[in-house]
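# Using only what follows, build the 3D model:
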Amino acid sequence: MVTPVYDTQHIHRLLEAVSDPEIPVLSVNDLGIIRDIQINGHQVEVVITPTYSGCPAMDMIAESIQSYLHSCGYNEVKVTTVLSPAWTTDWMTETGKRKLETYGIAPPNRITRDSDAPKKCPRCGSTDTRVISQFGSTACKALYQCNECMEPFDYFKCH
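As a prediction, the model looks like this:
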């Protein structure tokens, strides 16, 4: 029997094991969607903010958080979704951004946030890239192509 530790930092570390279902290389911590963890007696409440309002992955993320914490011995787990303040890619961890690039997705780049500047190809590193579509495999990504290696890649849009 696992004895749960009722400490917010401990629970936050445990959530490293909960992956985003759309980008499994990222944890919910990497994404920066964990807004708060509250403990009231033996109840743990995890407050999350979706990357986009209406993000289809949020229900699965909430279920994954509950299921994982239950498996760690926490019997009373509540996941609450808040929309304000709105999530921003600024909340992603630097580790998460590196994981994205290693996974083949160009991470968000504040410098090119509001411009059509080329994005760095996560495969060959070239910035000789072009946008193919503002909509990639999910709503949070755009589709680009590298003009050097000719490979298409997703870019995780800033917002």
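# all contacts plus neighbour counts: C-alpha atoms, from now on.
OK.
# In terms of helices and strands, where is the residue lying closest to P4 once chain neighbours are set aside?
Once flanking residues are discounted, P4 sits nearest to G73: 5.2 Å by Cα to Cα, 6 or more residues apart in numbering. Under DSSP states H and E, no helix or strand contains G73.
# Likewise for A62?
Take DSSP H and E as the rule and A62 turns out to sit in helix 58-71.
# same check, this time on L14
Judged by DSSP H and E, L14 forms part of helix 8-14.
# Once you drop chain neighbours, what's closest to the residue most central in space within the chain?
Closest to where the C-alpha atoms of the chain average out (Cα atoms, centre = their mean) is L31, at 2.7 Å. Sequence neighbours aside, M92 is the residue nearest to L31 in space, at 4.7 Å (criterion: Cα to Cα, 6+ apart).
# hang on, the earlier thing: in the helix holding L14, what's buried?
Using 16 or more other Cα atoms under 10 Å as the test for burial, helix 8-14 gives T8, I11, H12.
# Give me the helices and strands touching it, please.
Using 3 or more Cα pairs under 8 Å, 6 or more residues apart in numbering; DSSP states H and E, the elements in contact with helix 8-14 are strand 34-40.
# now the helix or strand following the strand it packs on against helix 58-71, angle please.
Once the chain leaves strand 34-40, the next helix or strand it forms, by DSSP H and E, is strand 43-48. Here the directions of strand 43-48 and helix 58-71 differ by 150 degrees (axes from the mean of the first three to the mean of the last three Cα atoms, to 10 degrees).
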